[in-house]
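Colleague: sharing a model that was predicted from the sequence below.
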Amino acid sequence: MTDNGNGSPKNRESRRPKRGRSGSTPIGDRPSTIRDVAAKAGVSVATVSRTLAGNYPVSAATRDRVMAAVDSLHYVVNVHAKALSGQVAGPIALVIRDITGPSLAHVAAGVEQEAADRGRLSLVCATHGDVAREDDLVQLMREQHAGAVVLVGGVVQDDAYHARMAEYARALDAAGSRLVLVGRPPLPDALPLTVVDYDNRGGAFQAADHLLTAGHRRVLFLGGDPLLSTAERRRDGWLHALRAHDVPHAEELDIPGPYTRVSGYQRTREALANSLDFTAVFAGTDMVATGALAALREAGLDVPGDVSLVGFDDVPFAADLSPALTTVRVPYEDLGRTAVRLALDRAERLAADDHVVLSTQLVIRQSVRVLR
């Protein structure tokens, strides 16, 4: 047998973990079990279980021995087993497409804060747009007896989506959990779920009305994916404002695309390259607005001197742009808090409270110029 510089074969053999009877690993090399705690405390497994559960009288001396054994063995209670027995409250699961978006991060913050206030653990899961992954996550949360599963973000409202949400709602309800849809419209059927939405149409109307009242008639509208519910409703608000001001809808200025900074930059740059005539830009999100701002500046245009700009969301950096961005404030943290509150307090509420719409607010800053 060759040494290879690691000491003699005998020494190497002495460093190998000792095996217990029947080849088992000693306690120090594996997680402690309730049987280990019972053996160290000199009591039965049932006594350990009763002591930890706190639902059965045991003597002070016995409790001290059990807890001393728990501490010395670093025993961790099986939380899943406790959840099944109803001894601990299930977590609140937030399932979103992408955890890097600033608006979704604020929804997550609201969920976490309300869950923490109620002594609940919160979990954040990302689907990356994969429906199969969303299915798996919802099923996992059902098995983990989550107190609520919160799905966030715009969706394509087709029959497949409706069928999937109906299945989620019924499966979670049967497990004592609750499906909560945030930033999504209610489903057509009566289902055991909660909807927490915000006024996309109203917010978009306010932003568009602000531009139109300032005298702008040629406005580049950088909307979102027309199949997504959020983008559809924001565009509805925009069109409503055009009708209210008797301004014709210019198809060439209505340019859909992803809600990203890159898309905002590319669409604005292409509009300028195509010599489209516009005096203002209405960006579907603040991220799109930052891209539009970069393209306008690259073209040597001043905001708001040459082109005015409004966004939607009021993410934290909107006030720090130069000029500070006029935008629509969405109460993202309140959406998260409300989702948890309605899901956990549903036993005390009326069924009518299962669909709540939070208001949006136009925040006027320095990115819009009044035309003379």
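Modeller: Cool, the structure landed. All values reported here derive from a predicted model rather than from experimental measurement. Numbering: from 1, shown residues only.

Colleague: surely Ala208 is in a helix?
Modeller: Yes - assessed with DSSP: H, G, I helix; E, B strand; the rest coil, Ala208 lies in a helix.

Colleague: burial measure for Ser103, as a count.
Modeller: Other residues within reach of Ser103, judged by other C-beta atoms under 10 Å, total 21. Any C-beta I mention is one placed from the backbone N, CA and C, and that applies to glycine too.

Colleague: how far away is it from Val58?
Modeller: Using C-beta to C-beta, to the nearest Å, Ser103 is found at 51 Å from Val58.

Colleague: which one is Leu362 nearest to, not counting chain neighbours?
Modeller: Distance criterion C-beta to C-beta, 6 or more residues apart in numbering; nearest residue to Leu362, sequence neighbours excluded, is Gln206 at 4.1 Å.

Colleague: what residues does that neighbour make contact with?
Modeller: Each residue near Gln206 by C-beta atoms under 8 Å, 6 or more residues apart in numbering is listed here: Gly237, Val328, Thr360, Gln361, Leu362.

Colleague: with Ala207 instead?
Modeller: Gly237, Trp238, Phe282, Val310, Gly311, Phe312, Thr326, Thr327, Val328, Leu362.

Colleague: rerun at 10 Å
Modeller: 234, 237-238, 241, 282-284, 310-312, 326-328, 360, 362-364, 368 (C-beta atoms under 10 Å, 6 or more residues apart in numbering).

Colleague: what's the burial count for Glu97?
Modeller: No Glu there; residue 97 is Arg. Using other C-beta under 10 Å, Arg97 has 18 neighbouring residues.

Colleague: what is the most widely separated pair among the contacts of Gln206?
Modeller: Farthest pair in the contacts of Gln206 (C-beta to C-beta) is Gly237 and Gln361. Separation: 13.7 Å.

Colleague: low-confidence stretches in the protein?
Modeller: Under the criterion pLDDT under 70, the flagged ranges of the chain are 1-30, 53-56, 76-89, 347-353.

Colleague: spell out the residue ranges of the strands in it.
Modeller: 92-96, 122-126, 148-152, 179-182, 193-198, 219-222, 280-283, 308-310, 327-329, 355-358, 361-363 (DSSP state E).

Colleague: deepest-packed of the ones you listed, please.
Modeller: With neighbours taken as mean count of other C-beta atoms under 10 Å, the strands of the chain reach their highest mean count in strand 280-283, at a mean of 28.

Colleague: quick check: can you name the pairing partners of it and their directions?
Modeller: Taking DSSP bridges as the criterion, strand 280-283 forms sheet pairs with strand 219-222 (parallel), strand 308-310 (parallel).

Colleague: mind putting those strands in TSV, distance to Asp135 included?
Modeller: Compiled in TSV, the strands paired with strand 280-283 are given as follows (distance: least, C-beta to C-beta, whole Å):
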stretch	distance to Asp135
strand 219-222	33
strand 308-310	38
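
Colleague: so which of the ones you listed is nearest Gly110?
Modeller: Going by C-beta to C-beta, the one of those nearest Gly110 is strand 308-310, 24.8 Å.

Colleague: mind giving me the domain ranges of this structure?
Modeller: 9-77, 92-198+333-358, 200-330 (automatic domain parsing).
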